[in-house]
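**Student:** Pasting a predicted model and its sequence here:
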Amino acid sequence: MPPLRRLDRLARSRGQNPPTPSLPAVIAALLAGLALFMLTAGGGSAAAAVAPCQAAAAAGSAAFGTLSTPLEIEIICDAPAEVEVRTPGGDGSAHFVEARLPLLIRDERAYLCRGQDASVEVGSQSLGWFQSVPISGVRALPQCDVLLKPGAMHLRWGGPRVLLRDAFAGGALGWSEWERGPDGTVPGLSVWAGAEGEPWHLFGWGDGVPPLMRGLTYLSPGAEYLVVSDTERPWTFPRPPSDASPFDDAQVVAYYGYPGVPVMGALGKAPPAETAREVADWAAHYDRLNGPRRVIPAFHLITAVAQAHPTLDGTYLRRMSDAQIETYVEAAREHNMLLFLDVQIGWSDPLTEVKLLDRFLREPFVHLALDPEFATLGRGVRPGLVIGSLEAEHLNEVQHYLAGLVEEAGLPPKVLVVHQFVDWMILDRDAVEDVSGVEVTIDMDGFGGVALKLLHYELYSLTAPAERSAIKLFFRQDEPIMTPEQVQALEHVPDMIIYH
């Protein structure tokens, strides 16, 4: 869905935590905003050859927990003038500038999501000067389509026609799950619009809308709305459902590991951006060999690491923080990669661990991997002493949970990678279900010589319940490591190649 486009805003509430506007204020803001938009949308003259004013904008320091970004804006003009300032996601404000005396503005804020225009619009009608000023050091929120401000925010809808109930369905991916009332509305949030041809006749939807003013049902392409919120909210709108698997027309090439620990895999050698470039180089090598099929680079991130000593919760697991996982989510988003979140299980329950990753698995490009090697509760010994196992029941529970996410959030199929290199790592393989919306991918996870690796690849990755095949290549332990040319020359080419 295209991101929301910014519209002219008016009626700014001053201060760090402005109150939610009353209904008369909502009406006034909507009418004034529409009038301002009609006045300014028609144009503005081009800047003179020598601009009569200069402006600069920079991000200030935000208080902990604040989502919007405070701004410092400086304007200097050759002549005295009234200037107007409009901030991303904020409002318009007017200021007077003395001739050749810098004006420093510190009471404006930017409400930015990733991908939105990080610039301040400034101008003076009297001087015929208009400028879009980039904001240096701006902090844009990564997982939101729009950062709603406290109070009223005037927006133009850039997506397809959608029910308001669906558009404001209570989810902000990667941040929070907003509560919903019995009627489907979100407490503290309402949406308003003028009737077609009668902008003074308002209809609303949401919390606190009087019965006589209800009737707004859809967001329509190109239409203008006023969104009123009682708090800052990063909002992510639902995406159109997709049934396309990443494997439909592409292979996946991934780097596996844990950040900062190279011995656990190639991913741990470098920061995410550098690793992304290295994976992209390997993906490009495979892409030159596989004809019309694309190649998608990926991170394969171990998020729960099995421990040699019992943990306080008895799971023998050390879990990665959400903030660190978020770093890789955003790196994958920025570099158009997939992300596989890998859980080593320990003495925990697979479904319990997967539920801890729910907020990330709601991203369409984030998938899951389970490692039976360290699931040793059934053997009664700590991880690392014996090779563990998972039962078909465990995998089926996880599959049904993932399928529920796919249906609920309108996501493409989820890939469930399960590592295996000995028979008992997956017990009762024939009892693993074929669940719609989930693609079980068995990764041949052993290292060593090529002949043995390929024997186990055929035994585990190319037989049921595997719907897709994967093979892991070890830079250090394989003797020798297979080349991309050898991998692509196999009779059954892997859907996924994981570099350890």
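**Tutor:** Looks like it arrived, so ask away. Worth saying up front: this structure is predicted, and the values here are computed from it rather than measured.

**Student:** so how far is V343 from D166?
**Tutor:** 32 Å (Cβ to Cβ, to the nearest Å). C-beta: built from backbone N, CA, C; applies to glycine.

**Student:** out of the two, which sits in the busier spot?
**Tutor:** Higher neighbour count among D166 and V343: V343, with 26 against 13, using other Cβ atoms under 10 Å.

**Student:** surely that one meets A369?
**Tutor:** Yes. Using Cβ atoms under 8 Å, V343 is in contact with A369, at 7.1 Å.

**Student:** any chance you could map the helices in the stretch 151-300 of the chain?
**Tutor:** 164-167, 272-287 (DSSP state H, counting those that start in this stretch).

**Student:** quick one: which of those helices is nearest S220?
**Tutor:** helix 164-167 (10.4 Å; Cβ to Cβ).

**Student:** For T441, name its beta-bridge partners.
**Tutor:** In this entry, T441 is beta-bridged to V417, R468, by DSSP bridges.

**Student:** Please read the previous query as pertaining to M496.
**Tutor:** Going by DSSP bridges, M496 forms beta bridges with V252, A470.

**Student:** Please report how far it lies from P364.
**Tutor:** M496 is 17 Å from P364, by Cβ to Cβ.

**Student:** which one of those two has more residues nearby?
**Tutor:** M496 (26 against 19).

**Student:** Check what pLDDT that one gets.
**Tutor:** On pLDDT, M496 comes in at 97.

**Student:** residues in contact with it?
**Tutor:** Each residue near M496 by Cβ atoms under 8 Å, 6 or more residues apart in numbering is listed here: F247, Q251, V252, V253, A254, V417, T441, D443, R468, S469, A470, I471.

**Student:** quick one: pLDDT of the fifth one?
**Tutor:** What the model reports as pLDDT for A254 is 96.

**Student:** That one: neighbour count?
**Tutor:** A254: 31 neighbours (other Cβ under 10 Å).

**Student:** How about the last one?
**Tutor:** Neighbours of I471 under the rule other Cβ under 10 Å: 24.

**Student:** Same question for the fourth one.
**Tutor:** By the criterion of other Cβ under 10 Å, V253 has 28 neighbours.

**Student:** roughly how far apart are it and T275?
**Tutor:** According to Cβ to Cβ, V253 and T275 sit 12 Å apart.

**Student:** what do you get for the first one?
**Tutor:** As judged by Cβ to Cβ, F247 and T275 stand 22 Å apart.

**Student:** next one: P383
**Tutor:** The value you get for P383 to T275, if Cβ to Cβ is used, is 26 Å.

**Student:** now do A306
**Tutor:** Here A306 is placed at a distance of 23 Å from T275 (Cβ to Cβ).

**Student:** Tell me the strands beside whichever strand or helix holds A57, with direction?
**Tutor:** Counting by DSSP states H and E, the element that carries A57 is strand 53-59. Partner strands and pairing direction for strand 53-59 (DSSP bridges) are strand 69-77 (antiparallel), strand 129-136 (parallel).

**Student:** okay but A51 is in contact with Q131, surely?
**Tutor:** Yes. Taking contacts as Cβ under 8 Å, A51 lies within contact range of Q131: 7.0 Å.

**Student:** Between those two, which has more neighbouring residues?
**Tutor:** Per other Cβ under 10 Å, whichever of A51 and Q131 has more neighbours is Q131, with 17 against 14.

**Student:** mind listing what that one touches?
**Tutor:** Taking Cβ under 8 Å, 6+ apart, one finds A47, A51, C53, A55, E121, V122, G123 in contact with Q131.

**Student:** Among those, which one lies nearest to P187?
**Tutor:** E121 (32.9 Å).

**Student:** between F247 and T275, which one's more packed in?
**Tutor:** For F247 versus T275, neighbours defined as other Cβ under 10 Å are more numerous around T275 (23 against 19).

**Student:** what's the pLDDT at the more buried one?
**Tutor:** 95.

**Student:** contacting residues for it?
**Tutor:** Applying Cβ under 8 Å, 6+ apart to T275 gives the contacts Y255, A266, L267, K269, F299.

**Student:** for the one helix or strand L455 maps to, which positions count as buried?
**Tutor:** For L455, the host element (DSSP H and E) is helix 450-456. Of the residues in helix 450-456, K453, L454, H456 count as buried by neighbour count, 16 or more other Cβ atoms under 10 Å.
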